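K.L.:
quick one, structure for this:
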Amino acid sequence: MREAVIAEVSTQLSEVVGVIERHLGPTLLAVHLYGSAVDGGLKPHSDIDLLVTVTVRLDETTRR
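P.N.:
Numbers count the residues shown, from 1 in each chain. Sure thing, here's the model as predicted:
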């Protein structure tokens with residue numbers, strides 16, 4: 001079960017990071033994964049916590 005969850009999350013992360021890269025372009029420095037996906041508590045319906053680091057201050061619309 002855990003392996004299936006990890007595989008699904010890996011696929012979702014790849015898709016999400018692609019969207020973030022397209023929207024932020026060269027201002028993107030890093031996408032950080034944290035929370036249950038990192039500390040071993042990830043379950044089938046867990047959320048995926050991401051922190052995005054950029055080189056500029058983003059306006060409110062872009063942040064959302």
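K.L.:
quick one: distance of the host helix or strand of residue 19 to the chain centre.
P.N.:
Applying DSSP states H and E as the criterion places residue 19 in helix 2-24. Its chain's C-alpha centre and that of helix 2-24 lie 7 Å apart, by C-alpha atoms, centre = their mean, to the nearest Å.
K.L.:
just the buried residues of that helix, please?
P.N.:
Buried residues in helix 2-24, counted by 16 or more other C-beta atoms under 10 Å: 9, 24. For the C-beta atoms, the positions are set from N, CA and C on the backbone; glycine is no exception.
K.L.:
so which elements touch that helix?
P.N.:
The elements that helix 2-24 packs onto, with contact taken as 3 or more C-beta pairs under 8 Å, 6 or more residues apart in numbering; DSSP states H and E, are strand 28-34, strand 49-54.
K.L.:
you'd agree residue 28 is up against residue 52?
P.N.:
Yes: at 7.0 Å, residue 28 and residue 52 qualify as touching, with contact defined as C-beta atoms under 8 Å.
K.L.:
coming back round to it: could I get the helices and strands packed on helix 2-24 in JSON lines, plus columns for distance to residue 42?
P.N.:
Shown next, in JSON lines, are the helices and strands packed on helix 2-24 (distance: least, C-beta to C-beta, whole Å):
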{"stretch": "strand 28-34", "distance to residue 42": "10"}
{"stretch": "strand 49-54", "distance to residue 42": "10"}
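K.L.:
switch the ones you listed over to CSV; also include mean neighbour count and distance to residue 14.
P.N.:
Output for those, formatted as CSV (neighbours: other C-beta atoms under 10 Å; distance: least, C-beta to C-beta, whole Å):
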stretch, mean neighbour count, distance to residue 14
strand 28-34, 12, 11
strand 49-54, 13, 12
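K.L.:
out of the ones you listed, which is closest to residue 62?
P.N.:
strand 49-54 (9.1 Å; C-beta to C-beta).
K.L.:
what ranges of the protein fall below the confidence cut-off?
P.N.:
1-2, 4-5 (pLDDT under 70).
K.L.:
can you tell me the centre-most residue of it?
P.N.:
Geometric centre of the chain, nearest residue: residue 50, 4.0 Å, by C-alpha atoms, centre = their mean.
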